[in-house]
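Visitor: Could you work out the structure for the sequence below:
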Amino acid sequence: FFCECTLLTIAAENGHASVVEVLLKAEANVNAVDSNKWFTPLHVAAENGHASVVEVLLKAKANVNAVGSEGWTPLHVAAENGHASVVEVLLKAEANVNAVGIEGCTPLHVAAENGHASVVEVLLKAEANVNAVGIEGCTPLHFAAGNGHVDIVNLLLEKGANVNAVDRYGKTPLDYAEGYAKNQDVVKALLDARGGSFVKARNKAMIAGGVNTLLGTAIAVALFTTGTITAQLIPIVIAVVAVTAAALVVGCATYELLKPSTKVDGAEKPIVNSINEQQRVTS
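Guide: Take a look at the predicted model:
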């Protein structure tokens, strides 16, 4: 049912675990919602970082995945405010780590935007979708990059975030990072990640192409000199190709170590609205 604000909500908001227990014993509605954000007592306890209250409410069968007016769960609000301990408690109670709000944002989006690295780590360990698509097609990496959170950018990249992901306007996380000069560390991290993926693909293609060419050449030479390929010659042909392919690998690796670095100046580009800005616009 709807209510302005129950005593249980007030106690939960202020972190009074003992009062919460007394009210619950008196059969207070553990899932009552306020008339403002449609938040339950669990929402407000999570929002304010009261892990002990969260545990009491969960033992009383509070709905761990209850949604507020924006479609946000208690996990969303805990992530938004950087309460890693609360996030851990909620996840142990089987909170949906990939819960999606009305605007498509997951708890990982929210934590990434607000710079809460400890929360991001907890969510990633719980197998949060690192490439989840939210507001305007943005991934958590877009938000972390656009707000200059290089530590979170690195965490996301380590977990396989797509450095080339594009939003609905075709912008990548690098486009977001280049919006402000303060984000140069982020720009460098993204360029390194982009370069790494490009180099790996290029080297793989070069080696595959080189091996095929070498194999064809070796067979042609064998045919030219002997007029045929015998079973005894096949191991020799393969050995020659393997040695030369290894040389190609070493050559590519040496090139990457010795090539000069590049420096890219940040361009003045606008960043699309953040989660909080989007909420203000729609409210």
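Visitor: if I pick residue 183, what's in contact with it?
Guide: 145, 146, 148, 177, 266 (CB atoms under 8 Å, 6 or more residues apart in numbering). (Glycine included, C-beta is placed from N, CA and C.)
Visitor: how about low-confidence regions in the stretch 1-150 of the chain?
Guide: Low-confidence segments of the stretch 1-150 of the chain, defined by pLDDT under 70: 1-3.
Visitor: residue ranges of the helices in it, please?
Guide: 7-13, 17-25, 41-47, 51-59, 74-80, 84-92, 107-114, 117-125, 140-146, 150-158 (DSSP state H, counting those that start in this stretch).
Visitor: closest to residue 170 out of these?
Guide: Comparison of the helices of the stretch 1-150 of the chain against residue 170 by CB to CB identifies helix 140-146 as nearest, at 12.1 Å.
Visitor: That closest one packs against which elements?
Guide: helix 107-114, helix 150-158, helix 173-177, helix 184-226 (3 or more CB pairs under 8 Å, 6 or more residues apart in numbering; DSSP states H and E).
Visitor: hmm, try it at 7 Å
Guide: In terms of contacts (3 or more CB pairs under 7 Å, 6 or more residues apart in numbering; DSSP states H and E), helix 140-146 is packed against helix 107-114, helix 150-158, helix 173-177.
Visitor: Residues touching the first one, excluding its own?
Guide: The contact list for helix 107-114, computed with CB atoms under 7 Å, 6 or more residues apart in numbering, reads 75-76, 79-80, 82, 97, 99, 119-120, 123, 128, 132, 134, 140, 143-144, 147, 149, 152, 156, 274-275.
Visitor: now the angle from that helix to helix 150-158?
Guide: With axes from the mean of the first three to the mean of the last three CA atoms, to 10 degrees defining the directions, helix 107-114 sits at 150 degrees from helix 150-158.
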